[in-house]
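> Sharing a model prediction with you, sequence too.
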Amino acid sequence: MNQDQIKDNKILVVEDDKGLGKLLVEEIHDHGLEALWASSAEEGLDIMQDWPPDLVVSDLRLPGMDGLKYLDRVRESYQGTQPDFLIITAFGTISKAVEALKAGAEDFLTKPLDLDHFVLTVERILRNRALRKEVMHIKSLLNTDSFHDMYGQSRSMRFLFDQVSRVAHADGPVLILGESGTGKELVARAIHAESNRARNPFLAVNCAGIPEHLLESEFFGHKAGAFTGANRSRQGLFAEAHKGTLLLDEISEMPLFMQAKLLRLLQDGKVRPVGENLEEQVDVRILAATHRDLEEEVRQGHFREDLFYRLETFTLRVPPLRERDSDLELLAERLLRRFCVQTGKRIHGFSEPALNILGKYHFPGNVRELQNAVERAVTFCDGQEILPKHLPARIRENHAQSMEQIPAGSPQGLFHDKSLPPLAEIEKRYIQHVLDRVGGNKRRAAALLGIGRRTLYRRLGQEI
């Protein structure tokens, strides 16, 4: 089998013949894949709750629930990612096997089994499954509006989506940098969802929200009686996230003594609960996020240099909203629809003046601040569109102040000779003047000028 393509796949063999079941599991293990055996469909369903397989190899005739009913039960009620099915049948029940194919099975094999043919069939099914997953992934990238609950069409966000997809398939730690409110936890969740750990736990913890004296117990767990109030043993976050992903948000707030313990865990994958003498092996991918400059924190002695270099193996930067000039209107409309569903209101959209006001606001709180602004606007809007008066006062006041700073009268200073250039030339110079004032941000410039971005590009003689 191609180990690079299907190495992480899990196979559940459901066969009441113990000898055959064990033989198939051994054959699968010999090809480097994980496999478990169940003697009945009911046992198989129990196993699937904690060990979700990619492929189920099931006999058609089983004690209790037969293989066809087992397939139907999984297709109707299984909560995880649906596994593929390979049905094993005797010659006399081929018609039932065909019925299983119509119900969603990938293929069937007849007894007595040829083990070489069995391996080739399993390989083909798993490769097809991997191909379907890759096609779905490519489709998600082409749909640049949405990527794992993140929305954006700007170049900076498309670049971020691509980076998330690439680092997700590695297994080292990831450092996620970005200002407050940019959506760092969404990026972490997207990495987990794209990874081979997607069906296992994702936990997020804010390092600044745990009292220092409880940090070690929270992260590593404790033994009953390890300290006052420890009435019973408790798993730590690293053990809870075993086989999954743990996000350490605001990693810069972690005390130095815990940074040393985290570094050791990253190196050997072991934790020791408070009060225990023995260490436990854990398999967890660490993601770390912060809005601070970690290099500066290292220089000031607030963050361990060795831990910083260990975490920055993969570093992702989440762009602030002001660098996503083509995304603001898209995000605002998405948020508007969400809050309309929550409140039951029928608001068709934003008025042009309201969009202009949003367009030139700096949004220091980034997407979180935009979300709060839209939620407030929906709450106070009783009509069919959002008007300036529905927006927060600070955003409206920012608009009034910026309008006072831009000359509304003569084109003085826009040209320096005594000639009278054509109106189109003065217009072009004025547009360039506004662009200079807003640092080249075309979205903000268009909002100040009261025109669309396409119109702005056209009047500058540029392609959009």
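Looks like it came in fine. Numbering: from 1, shown residues only.
> leaving aside the residues next to it on the chain, what's closest to the residue positioned nearest the centre of the chain?
In the chain, the residue lying closest to the centroid (CA atoms, centre = their mean) is A190, at 1.2 Å. Spatial nearest neighbour of A190, chain neighbours left out: H148 (3.7 Å); criterion: CB to CB, 6 or more residues apart in numbering. C-betas here are computed from N, CA, C, even on glycine.
> residue boundaries of the helices in the stretch 251-400 of the chain?
Counting by DSSP state H, counting those that start in this stretch, the stretch 251-400 of the chain has these helices, from start to end: 256-268, 294-299, 305-311, 328-343, 352-359, 366-380, 393-405.
> which residues touch the shortest one?
Taking contacts as CB atoms under 8 Å, 6 or more residues apart in numbering, the residues outside helix 294-299 that touch it are 175, 177, 251-252, 303-305, 308, 311-312.
> please redo it, this time with the cut-off set to 10 Å
Residues outside helix 294-299 that contact it (CB atoms under 10 Å, 6 or more residues apart in numbering) are 175, 177, 251-253, 288, 290, 293, 302-309, 311-312, 315.
> Now do that helix: distance to the chain's middle.
Chain-centre distance of helix 294-299: 27 Å, with CA atoms, centre = their mean, to the nearest Å.
> Buried by neighbour count: which residues of that helix qualify?
Under the neighbour-count criterion of 16 or more other CB atoms under 10 Å, helix 294-299 has 294, 297-298 buried.
> Equivalent analysis for the third one, please.
Under the neighbour-count criterion of 16+ other CB under 10 Å, helix 305-311 has 307-308, 310-311 buried.
> which outside residues touch it?
By CB under 10 Å, 6+ apart, the list of residues contacting helix 305-311 reads 172-176, 248, 251-252, 254, 256, 259-260, 262-264, 266-267, 286-288, 290, 294-295, 297-299, 303-304.
> on that earlier part again, now the helices of the stretch 251-400 of the chain as CSV including distance to Q153?
Converted to CSV, the helices of the stretch 251-400 of the chain look like this (distance: least, CB to CB, whole Å):
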stretch, distance to Q153
helix 256-268, 36
helix 294-299, 30
helix 305-311, 30
helix 328-343, 6
helix 352-359, 15
helix 366-380, 14
helix 393-405, 23
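> JSON lines for the ones you listed, including distance to V57 and mean pLDDT?
Formatted as JSON lines, the helices of the stretch 251-400 of the chain follow (distance: least, CB to CB, whole Å; pLDDT from 0 to 100):
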{"stretch": "helix 256-268", "distance to V57": "36", "mean pLDDT": "92"}
{"stretch": "helix 294-299", "distance to V57": "48", "mean pLDDT": "94"}
{"stretch": "helix 305-311", "distance to V57": "41", "mean pLDDT": "94"}
{"stretch": "helix 328-343", "distance to V57": "43", "mean pLDDT": "92"}
{"stretch": "helix 352-359", "distance to V57": "56", "mean pLDDT": "89"}
{"stretch": "helix 366-380", "distance to V57": "46", "mean pLDDT": "96"}
{"stretch": "helix 393-405", "distance to V57": "59", "mean pLDDT": "71"}
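> partners of the host helix or strand of L12 in the sheet?
Following DSSP states H and E, one finds L12 within strand 10-14. The pairing partners recorded for strand 10-14 under DSSP bridges are strand 34-38 (parallel), strand 55-59 (parallel).
> Name the stretch among the ones you listed that sits most buried.
strand 55-59 (a mean of 25; mean count of other CB atoms under 10 Å).
> tell me the mean pLDDT over that strand?
Mean pLDDT, strand 55-59: 95.
> Mind checking what helix or strand follows it in sequence?
Next element after strand 55-59 (DSSP H and E): helix 67-77.
> name the helices or strands packed onto that following helix?
Packed against helix 67-77, as judged by 3 or more CB pairs under 10 Å, 6 or more residues apart in numbering; DSSP states H and E, are the following elements: helix 41-50, strand 55-59, strand 84-89, helix 94-103.
> picking that back up, generate TSV for the buried residues of helix 305-311, with distance to L355 as supplementary columns.
TSV is the format used below for the buried residues of helix 305-311 (distance: CB to CB, whole Å):
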residue	distance to L355
L307	44
F308	41
R310	45
L311	40
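> mind listing what's buried in stretch 102-118?
Burial within stretch 102-118, assessed by neighbour count using 16+ other CB under 10 Å, is assigned to 105-110, 118.
> rewinding a little: using JSON lines, please lay out the buried residues of helix 294-299 together with distance to Q384.
Below are those laid out as JSON lines (distance: CB to CB, whole Å):
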{"residue": "L294", "distance to Q384": "47"}
{"residue": "E297", "distance to Q384": "49"}
{"residue": "V298", "distance to Q384": "53"}
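> For L423, state which of the residues you listed is nearest.
L294 (52.5 Å; CB to CB).
> Return the distance of that closest one relative to A168.
To A168, L294 is 22 Å away according to CB to CB, to the nearest Å.
> now do L265
21 Å.
> quick one: average pLDDT of the strand or helix carrying R454?
R454 is part of helix 453-460, with elements assigned from DSSP H and E. Confidence for helix 453-460, expressed as mean pLDDT, is 75.
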